[in-house]
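Visitor: Have a look at this prediction, sequence included:
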Amino acid sequence: MRLVEHPLYKFDESMPIYNWMFPLQSELPVEHPAGSEAHRAFDLVDSSAVESRALYLHIPFCETICSFCPFVRGRYRTPDLIERYVAALVREIEVKARYGSLTSVPIGAIFVGGGTPSLLNPDQIRRLGEAINHHFDLSGLREFSFEFEVKSVTLEAVRALKEIGVTHGRFGVQTFDPAYREMFTLTSSVNQVRRAAAILGEELPFASFDLLYGMNGQSLEQLLYDLDEAIALGLDNVDIYPIDNVVTQRRLHRTFATRGMEPTSATAKLEMKILVAEYMRSACFEPHNGHGYVRAKTTRDGDFDTVSDAYCFHYHDHIYGYANRDLLGFGAGAVSIFDGFSVTNTASRERYVHDILDREDWEMVFSPQDPSSQQSRPVVMRLPYHGSLRKTRVSWRRVHPETLLNLARAIRSELVVDDGEELRLTRVGWYWYTELMYFLMPRREQAVLDDFIARKAGEPGRRIEDRRIVVDGSQSFIRVPS
């Protein structure tokens, strides 16, 4: 990927995947000197410099498997499966709570994701809440998010969640277009989406939903229809992001191919992003991170800021944040990120439940980090994703030299501005936030991501867009001179 001299098209190719965690994870077995049990990896955690920690709990059950979803999940079959899984989650919380380095740091954000967490019954929700409250310091908690599938949004469930402190309800819409909803195997109706939005918007302080764009064959008219319907839901927060054909299920690729729907070009996806941003701004929604929009509380004269500070999704402020914030994950496939290493639980629900309930031990992937990784993370992730970076909060001498070199190049290319105290994205820089994350990574990390993309793209039946950016009009909605 190269920078190019152009007022709008800043790179010669785009990333076919819009978000990832940094540092990237290798696939190494758990091997360390602290003991034979896998969870002893947490003896290695140094929390002395950590200011805030996020908790993530993964609920990998769904009534139907959506074809666009890349996450660890499986079909819900019997209540007993979920009951045993919740028991395993509580046990994992108890085991990790034995490590003072994991419980001494105040929790700033909690996210319960999936899968479909809203399949849990009120009693299971309360038990998880009690375990978290008992073992962790929630005195500084700023956000407690819970994901819903719209058909399972009920007043009883939402009120049970409020009892354990949930503040944010999140649900997937993906699209309002009936043809794409069918291809995504979404089984809820648009009326059920509206009902869920009404309940969550009334019962919780914050409610948000996801919307996809750039699907194979999607027209600008279909995109604008989705944006109009999203705005009409009446909620203040919406995440709008491009479909990741690198990680969507291959059956969706087969569906697209059967219907003769070609992947949307990289250039067209970029221009769709620009259209989304400007259309949402015209409806008084400001971007608050790479793909999140918040409704402006007041109408302002003049232009909006590149990225608004009117709202912050604090969970992502830990994942894509400063070096003094980290993540502790629970559940099948859950990731924990610390200074020096990260660990990922086994993705197998059955193995996870069996190992924890029967042995209090479980399989993990242990990924050591380069010593500069944690200090480079604010530049690589926070600056592109959140749009700004306080320079005094970065230990610059410990940032990877390749990241520093590429940051200087991004500033010269007017993707980033430096006012002395803060680094900020320009408006054009924000359009390229995903490419900037890649560009600012050291070459070693880029190679890991390149290998992942190449392996996924090489799977039989998977078709992803060409990464090249073409600005002569042949792949572009906007005709721009070369």
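Guide: Looks like it arrived, so ask away. Note that the coordinates shown come from a computational prediction; the quantities given were computed from them, not determined experimentally. Numbers count the residues shown, from 1 in each chain.
Visitor: For stretch 357-371, which residues meet the burial criterion?
Guide: 357, 362, 364-369 (16 or more other C-beta atoms under 10 Å). (C-beta placed from N, C-alpha, C; glycine too.)
Visitor: Mind checking which of those residues land in strands?
Guide: In this view, those that belong to strands under DSSP state E are 364-368.
Visitor: so what's residue 2 up against?
Guide: Contacts of residue 2 were listed using C-beta atoms under 8 Å, 6 or more residues apart in numbering, and they are 11-13.
Visitor: so which of those residues comes closest to residue 4?
Guide: Taking C-beta to C-beta as the measure, residue 4 sits nearest to residue 12 out of the contacts of residue 2, at 5.3 Å.
Visitor: Contact partners for the nearest residue to residue 203 once chain neighbours are set aside?
Guide: The spatial neighbour of residue 203 that comes closest, neighbours along the chain excluded (C-beta to C-beta, 6 or more residues apart in numbering), is residue 158 at 4.7 Å. With contact set as C-beta under 8 Å, 6+ apart, residue 158 has these partners: 169, 199-200, 203-204.
Visitor: and residue 158, how far is that from residue 146?
Guide: Separation of residue 158 from residue 146 (C-beta to C-beta, to the nearest Å): 9 Å.
Visitor: Need the overlap of contacts for these two.
Guide: residue 169.
Visitor: ranges for the strands of the stretch 51-200 of the chain?
Guide: For the stretch 51-200 of the chain, applying DSSP state E, counting those that start in this stretch gives strands covering 52-59, 61-62, 74-75, 107-114, 143-148, 168-174.
Visitor: what's stretch 213-222 in contact with?
Guide: 175, 177, 180, 223, 226, 240-243, 245, 256, 259, 261-264, 268-269, 272-273, 275-276, 477.
Visitor: Tell me which of those residues fall in strands.
Guide: Using DSSP E, the members of the contacts of stretch 213-222 that fall in strands are 240-242.
Visitor: I'd like the residues you listed laid out as a markdown table, including pLDDT.
Guide: Converted to a markdown table, the ones in strands among the contacts of stretch 213-222 look like this (pLDDT from 0 to 100):
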| residue | pLDDT |
| --- | --- |
| 240 | 97 |
| 241 | 93 |
| 242 | 94 |
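Visitor: want to try a markdown table for those, with neighbour count as columns?
Guide: Listed next are these as a markdown table, based on neighbours: other C-beta atoms under 10 Å:
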| residue | neighbour count |
| --- | --- |
| 240 | 24 |
| 241 | 18 |
| 242 | 24 |
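Visitor: Can I get those residues in TSV including distance to residue 335?
Guide: Converted to TSV, the ones in strands among the contacts of stretch 213-222 look like this (distance: C-beta to C-beta, whole Å):
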residue	distance to residue 335
240	24
241	19
242	22
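Visitor: of all the residues you listed, which comes closest to residue 85?
Guide: residue 241 (28.2 Å).
Visitor: residue contacts, residue 165?
Guide: With contact taken as C-beta under 8 Å, 6+ apart, residue 165 is in contact with 129, 133, 138, 141, 144.
Visitor: The second one: neighbouring residues, count only.
Guide: When counting by other C-beta atoms under 10 Å, one arrives at 13 neighbours for residue 133.
Visitor: Now do it against residue 97, distance only.
Guide: In terms of C-beta to C-beta, residue 133 sits 12 Å off from residue 97.
Visitor: for the closest residue in space to residue 339 that isn't next to it in sequence, what are its contacts?
Guide: Nearest non-adjacent residue to residue 339, counting by C-beta to C-beta, 6+ apart: residue 374, 4.3 Å away. Residue 374 makes contact with 23, 323, 339-340, according to C-beta under 8 Å, 6+ apart.
Visitor: before we move on, the earlier item: just give me the lowest mean pLDDT stretch among the strands of the stretch 51-200 of the chain.
Guide: In terms of average pLDDT, strand 74-75 trails the rest of those, at a mean of 56.
Visitor: returning to that earlier point: which helix or strand contains the residue nearest to residue 339?
Guide: Using DSSP states H and E, residue 374 maps to helix 373-377.
Visitor: so what's residue 463 up against?
Guide: So residue 463 contacts 245, 253, 256-257, 263 (C-beta under 8 Å, 6+ apart).
Visitor: Sweet, I'm off.
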